[in-house]
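Q: Below is the sequence, then the predicted model.
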Amino acid sequence: MKSIIPNAVTALNLVFGMFAIMNTIHGAYNVAAFCVVAAMVADAADGRTARFFCVSSDFGKELDSLCDLVSFGAAPAFLAYAYYLQEFDLLGQLVAVFFAVCGALRLARFNVNTGIVKGHFMGLPIPAAGCAVVTFIMMGIKPDGYTFPLFVAVFGYLMVSTIKYPDFKGKGEKIYPIPVVLSLASGCFIFIVYQHALLFAVIFTYAIFGILNTLFGRFGYKSEVL
């Protein structure tokens, strides 16, 4: 009986994802983006709810992945396509599909490596990638050139990359000070320029930090860690 509540919270993630898709169809892009962000809140709450009730099951884990694919893979890709990618014809279609497929691959790899990869996330978590796309759309910007397709494609790739991202559970990868400073500076710059883009600035900071911190670690940077 206790497992019903966490699974219901997980299903709420999917509910918001579906609302995101439906609002995208009706052209309510900001509402759709907000629904994806709400799905991220539900996604974060289901694990905490399960721990509170001391319940965990393979069913719940599989349900979580299926909901994530819709809310943070398909819904953001569809929203990105309707918002701007459609103006790039076939390229826009391919980028939207690429993002959704990368999301599916990210979730499959996560499920397989649950007992192997510990202390960090391998690749950008799909909720972060999906919310990066939709919070950018919430800013109402349509940059010139191929900036937006490249942006969506890069965040798709980050999901399936081997870049290590902290999981904030206290036993993650070494954190180097310079990547922290540089990523925070980039996030602050975005927030100063676009003061209504706090959510995007936070997610972008996390994405950039993972890249910089991994590069510093791989190239044997010698410095004290945080």
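A: Received, thanks.
Q: May I see the buried residues of the one helix or strand residue 213 maps to?
A: According to DSSP states H and E, residue 213 maps onto helix 198-218. Within helix 198-218, the residues that qualify as buried are 199-214, 216-217, counting by 16 or more other C-beta atoms under 10 Å. Heads up, the C-betas are built off the backbone N, CA and C, glycines and all.
Q: Counting by contacts, list what that helix packs against.
A: helix 126-138, helix 147-160, strand 164-166, helix 177-193 (3 or more C-beta pairs under 8 Å, 6 or more residues apart in numbering; DSSP states H and E).
Q: so which of the ones you listed is the most packed in?
A: helix 126-138 (a mean of 26; mean count of other C-beta atoms under 10 Å).
Q: now that one: how far from the chain's centre is it?
A: The chain centroid and the centroid of helix 126-138 are separated by 6 Å, computed with C-alpha atoms, centre = their mean, to the nearest Å.
Q: same deal with stretch 212-222?
A: Distance of stretch 212-222 from the chain centroid (C-alpha atoms, centre = their mean) equals 23 Å.
Q: as a whole number, average confidence for that stretch?
A: Regarding stretch 212-222, the rounded mean pLDDT is 77.
Q: ok, back up a step: could you give the separation of the helix holding residue 213 from the chain centroid?
A: 12 Å.
Q: and that helix with helix 147-160, angle?
A: Here the directions of helix 198-218 and helix 147-160 differ by 50 degrees (axes from the mean of the first three to the mean of the last three C-alpha atoms, to 10 degrees).
Q: what's helix 198-218 in contact with?
A: Contact partners of helix 198-218, identified using C-beta atoms under 8 Å, 6 or more residues apart in numbering, comprise 37, 124, 128-129, 131-132, 135-136, 138-139, 155, 158, 163-166, 173-176, 178-180, 182-184, 186-188, 190-191, 194, 223.
Q: got a list of what the residue nearest the centre of the chain touches?
A: By C-alpha atoms, centre = their mean, the chain has its centre lying nearest to residue 128, at 1.8 Å. The contact partners of residue 128, by C-beta under 8 Å, 6+ apart, come to 165, 203, 206-207.
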